[in-house]
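[1] Pasted the sequence and its predicted model underneath.
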Amino acid sequence: MKLKSVFLFLCALWLSVIMPLGVYSQSISEDEIRGVWLTNIDSDVLFSAENTQGAIALLADANFNSVYPTVWNWGYTLYPSEVNQQATGVKLDPTEGLQHRDVLQEIITEGHEKKLRVIPWFEFGFMAPADSILAQKHPHWITRRIDKTEIWLEGGVHERVWLNPLHPEVQGFISDLVLEIVRNYDIDGIQFDDHFGYPSELGYDPYTVRLYRQEHNGKLPPPNALNAEWIQWRADKITEYLTTLHSQIKAIKPDIILSISPNPQEFSLEQYLLDWATWEKMGLIDELLLQVYRDNMIAFNREILQEDIQNAKNNIPSAIALLSGLKGRQVPLEMIKQQINSTRAENYGGVSFFFYESLWNFGPESKEERIKFFKDIFS
């Protein structure tokens with residue numbers, strides 16, 4: 001393992017040194033994924049039809065070809081949902097600017113007119129605000145730590161809870177949301193990310209403990225949340241659920257893309273119980289967008305050289321998810337350029353950016369400079 005780590009470091013260093021700083025000159029595949037996530041967090045893009053329409057037009061002009069709009073956030077949907085109304089009494093996100101609209105349908109209409117793929121993204125996945133109607137109405141859906149605490153701080157600030165992916169009622173609820181979209185909208189795919197699991201410190205709720213004991217001759221789950229067998233058992237249960245959901249989706253629309261955007265495999269499995277490498281081997285994934293949000297090229301290249309993602313790209317379209325910036329965290333175009341170049345040099349299937357607002361507005365360069373950059377590098 002130590003020799004493998006040294007080898008990967010040397011390969012990453014070599015790739016970082018030999019890659020030219022200019023735009024990579026090899027021919028670019030027509031099928032290259034050029035995507036971006038659209039969210040209603042730290043962004044105004046979805047809060048009016050005019051903003052949404054303008055964003056789609058700008059992305060098309062800058063040669064993007066895929067959008068991943070959030071449809072599930074804060075315990076609300078961004079489309080009128082009978083499923084969520086039944087579960088929470090709320091049919092649509094009540095936030096001003098989102099009411100009396102079907103944001104998903106707007107994006108589908110505008111996106112397809114501009115030849116963009118539209119793949120709705122379940123941004124919150126199994127996560128919910130601790131004070132949400134969803135959490136309050138269904139407290140038995142919430143998983144917890146061994147000390148019975150439930151609150152998980154996102155970014156060390158925001159109080160969240162996690163729905164239990166192993167609970168049949170939770171599985172039914174999430175599946176119904178997904179299948180509602182698959183049946184009712186002309187989408188190109190459905191996407192889940194690292195929130196399709198839950199933090200590995202959780203899982204000590206009554207339902208999960210009872211299930212574990214049934215399968216282990218009455219033994220309690222290990223008190224160490226990072227116990228390898230306990231990690232894998234919970235991950236396997238999530239895999240079983242995805243297998244069922246995959247079949248349900250494909251039964252309705254066989255050609256729909258099931259897209260996954262996780263963290264690198266080791267972190268994903270140990271921290272969020274997502275065994276995406278196994279999902280890929282089982283044929284459960286049609287598209288993989290690996291989150292590699294790194295601020296130096298050696299670390300970035302080390303991740304894109306890992307065996308799991310290298311294997312995946314030989315079987316399915318596999319792109320690298322890049323960070324274009326956050327509030328308070330600028331990512332200069334030079335870094336973005338180098339990361340695109342490395343991704344192309346390793347023959348990945350493209351890139352996707354988190355997130356729309358930071359493509360243009362959170363960088364050290366002007367909006368006009370950044371628009372021109374993406375238009376040129378994707379030309």
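    It's in.
[2] Name the next helix or strand following whichever strand or helix holds residue 266 along the chain.
    According to DSSP states H and E, residue 266 maps onto helix 265-272. Moving toward the C-terminus from helix 265-272, the next helix or strand (DSSP H and E) is helix 276-281.
[3] one step back: dump the helix holding residue 266 to PDB, keeping only the CA atoms.
    Extracted C-alpha coordinates of helix 265-272, given in PDB (Å, rounded to 0.1, in the frame of the first residue of the first chain):
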ATOM      1  CA  GLN A 265     -14.000   5.800  -3.300                       C
ATOM      2  CA  GLU A 266     -12.100   5.400   0.000                       C
ATOM      3  CA  PHE A 267     -13.600   8.500   1.500                       C
ATOM      4  CA  SER A 268     -17.000   7.900   0.100                       C
ATOM      5  CA  LEU A 269     -17.200   4.400   1.600                       C
ATOM      6  CA  GLU A 270     -15.700   5.200   5.000                       C
ATOM      7  CA  GLN A 271     -17.400   8.500   5.600                       C
ATOM      8  CA  TYR A 272     -20.700   8.200   3.700                       C
END
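[4] contacting residues around it?
    Helix 265-272 is contacted from outside by 194-195, 197-200, 226, 231-232, 235, 262-263, 274-277, 306, 308-309, using C-beta atoms under 8 Å, 6 or more residues apart in numbering. Every C-beta, even on glycine, is put in place using the N, C-alpha and C of the backbone.
[5] Quick check: buried residues in it?
    If you call a residue buried by 16 or more other C-beta atoms under 10 Å, then helix 265-272 has these buried ones: 265, 268-272.
[6] do the same with stretch 221-229
    By 16+ other C-beta under 10 Å, the buried positions in stretch 221-229 come out as 221, 225.
[7] Figure out how far that stretch is from the centre of its chain.
    Here the centre of stretch 221-229 is set off from its chain's centre by 26 Å, with C-alpha atoms, centre = their mean, to the nearest Å.
[8] So which residues of the stretch 51-200 of the chain form strands?
    66-69, 72-73, 76-77, 117-118, 127-129, 152-154, 158-162, 189-193 (DSSP state E, counting those that start in this stretch).
[9] From the contact counts, what lies against the fourth one?
    I take that to be strand 117-118. Applying 3 or more C-beta pairs under 8 Å, 6 or more residues apart in numbering; DSSP states H and E, one finds that strand 117-118 contacts strand 66-69, helix 103-113.
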